[in-house]
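Colleague: I'll drop the sequence and a predicted model, then ask my questions.
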Amino acid sequence: NQEGFPNVLDQCACNGRISVLPIDVVQMRALLLQILSPLFYPPLEGTNSTNSTDPASTFPHEVTSCDAANLAMVWLASGDMRDSGHLRQRYALAVMYFAMQGLRDRRWVYSDGWLSDLNECLWLGVQCNNQDVVNSLALESNNVY
């Protein structure tokens, strides 16, 4: 039940951390960490990646973190965000969007489709080949240079 679930960006702005997440989002985030962490985050020094099944051993952010990587992971774990497109691409683009403050400070002029349940190839400025693989970004019209 996500009724009354406060927006994570609002939580970050007020508290400096995410303090309220539905249990289903926390559980899906843990599953996504198992899938995505090995692809994006190398093992930390002193860990044996072949013996570690704990995704937290490579993902450097707690569930309460307001870092772009965690915000993207929480976004991906919410709702129907995994139902279209390629999981890796969606995560990477969401990290970029949060890192470049696409929602905060309204720096982007146009964010049509971004962080929606649409295939990421339909997000404004994302250009893909005929297999829906991102091959370039055109973000100049969004005040992103």
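Modeller: Yep, that arrived. Numbers count the residues shown, from 1 in each chain.

Colleague: helix or strand for the residue most central in space within the chain, which one?
Modeller: Note on the chain: the residue nearest the mean C-alpha position is Ala72, at 1.6 Å, using Cα atoms, centre = their mean. Using DSSP states H and E, Ala72 maps to helix 68-77.

Colleague: related to what we said a few turns ago, quick one: residues contacting the residue nearest to the centre of the chain.
Modeller: Neighbour list for Ala72: 91, 94-95, 97-98 [criterion: Cβ atoms under 8 Å, 6 or more residues apart in numbering]. For the C-beta atoms, the positions are set from N, CA and C on the backbone; glycine is no exception.

Colleague: for this structure, which spans come out with low pLDDT?
Modeller: Counting by pLDDT under 70, the chain shows low-confidence ranges at 1-4, 44-57, 102-107, 145.

Colleague: quick one, whichever helix in the chain runs longest and helix 68-77 angle?
Modeller: Looking across the chain with DSSP state H, the single longest helix is helix 23-40. Between the axis of helix 23-40 and that of helix 68-77 there is an angle of 120 degrees, by axes from the mean of the first three to the mean of the last three Cα atoms, to 10 degrees.

Colleague: For the protein, which segments count as helices?
Modeller: 8-15, 23-40, 68-77, 87-99.

Colleague: Now distance to Cys12 too, for the contacts of Ala72, in CSV please.
Modeller: What follows is the contacts of Ala72, written out as CSV (distance: Cβ to Cβ, whole Å):
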residue, distance to Cys12
Tyr91, 18
Ala94, 15
Val95, 15
Tyr97, 15
Phe98, 10
